[in-house]
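*Asks:* below are the sequence and a predicted model for it; my questions follow.
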Amino acid sequence: MKKMTRRGLLGSASAAWATALIGRPAHAAAEFDFKLGVNTPDSHPLTVRLTEAAKEAGARSSGRLNVTVFSNSQLGGDPEMLSQLRAGGIELLAAPSMTLSTLVPLSGLPSVGFAFQSYDQVWAAMDGGVGEVVRDAIAKTGIVPMQKMWDNGFRQITSSSSRQLNSVDDLKGFKIRVPVTALLTSLFSGLGALPASISYSELYSALQTHIVEGQENPLAQVATGKLYEVQKYCALSNHCWSGYWVVGNRRALSSLPGDLAQILNESFDAAAVRERADLLEMERSLKADLSAKGMVFNKPDPVKFRAALVQAGFYTQWQKTYGAEAWAQLEKYTGKLT
């Protein structure tokens, strides 16, 4: 498949979305009609590749399987969509690992603060032992994860014009939005900030109305969510990595004949690998793009942030939470954390 450039990603999103909706002839009713929810906008690489995978599954199944992608939290915030998935209201969900950790605590394991230093470590872990540990934990809750994890990116901290973040001291009393998850609440509490759990679908308005002063997300989310309109500074903290799992309702997936289940899994897992490359390419140019839109960047010293977390007992707490076996799997790829 031809490599998709960042411009191509952004430019083709609307066309891809439309194709997924109208690509199957109206008179050819699908045997299986699945809804897939995701929180990212149409222009985000995740949405683009999910839509591509949906189209591929439809074509390979000769229209027997139709997957419609609902982007930009059209079906509700992440916690609401996760509830809908478990109840069978939707069949598929691209679930942020952070949100999924409210149901499956081990989903947060790869997002431990300052654990991974590079994508080489990330994908070795997620396509290896850490991914296996998390998939097993997800499956035990009654929902079904696909094999390949999708990228969300290393997370950075943005802030309003009233505060630039260069040190741990700058985070003292800082009101920051985090996903609805205990892990990031714990991380920022350990750094002296005041984290508030707010759904991504409500993030822009929370920043605009100063309910919170800042937030943390990968640069792709900052760009496609237009957070630069309500944030001035960006500290390139790389404080943790996060991804998305494509998960399915067990009853819906078990209803698929074997050939259609294989098509669904193969189409989405192949698209996941392409999305990883897309996001990496996109992020390489985002700093310049966001700078042109007025964002000011700085690079804090991660050593001091990690030292503060050690002192706060962050790593000891999460090692106990995740268990010695899972923690040992993580440290196989990251090196010693505690």
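*Replies:* Received it, and whenever you're ready, just let me know what you need. Residues are numbered from 1 along each chain as shown.

*Asks:* low pLDDT regions in the stretch 201-338 of the chain?
*Replies:* The stretch 201-338 of the chain contains no residues with pLDDT under 70.

*Asks:* the strands in it, which residues?
*Replies:* Here the stretch 201-338 of the chain has its strands, by DSSP state E, counting those that start in this stretch, at 214-217, 233-235, 241-249, 296-298.

*Asks:* need these in JSON lines (columns: mean neighbour count and distance to Gly88).
*Replies:* The way it works is simple: take the backbone N, C-alpha and C, and place the C-beta from them, glycine included. Converted to JSON lines, the strands of the stretch 201-338 of the chain look like this (neighbours: other CB atoms under 10 Å; distance: least, CB to CB, whole Å):
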{"stretch": "strand 214-217", "mean neighbour count": "25", "distance to Gly88": "30"}
{"stretch": "strand 233-235", "mean neighbour count": "23", "distance to Gly88": "40"}
{"stretch": "strand 241-249", "mean neighbour count": "26", "distance to Gly88": "5"}
{"stretch": "strand 296-298", "mean neighbour count": "14", "distance to Gly88": "44"}
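
*Asks:* nearest to Leu309, of the ones you listed?
*Replies:* Nearest to Leu309 among these is strand 214-217 (14.5 Å), distances taken as CB to CB.

*Asks:* and the contacts of that closest one?
*Replies:* 155-160, 163, 165, 174-178, 184, 188, 203, 207, 225, 227, 231, 237, 239 (CB atoms under 8 Å, 6 or more residues apart in numbering).

*Asks:* can we see that at 7 Å?
*Replies:* 155-160, 174, 176-178, 203, 207, 227, 231, 239 (CB atoms under 7 Å, 6 or more residues apart in numbering).

*Asks:* helices or strands next to the longest helix belonging to the chain in the packing?
*Replies:* Longest helix in the chain, counting residues (DSSP state H): helix 258-292. Packed against helix 258-292, as judged by 3 or more CB pairs under 7 Å, 6 or more residues apart in numbering; DSSP states H and E, are the following elements: helix 6-22, helix 45-60, strand 65-70, strand 150-154, helix 219-224.

*Asks:* mind giving me the packing neighbours of the last one?
*Replies:* Under the contact criterion of 3+ CB pairs under 7 Å, 6+ apart, helix 219-224 touches helix 258-292.
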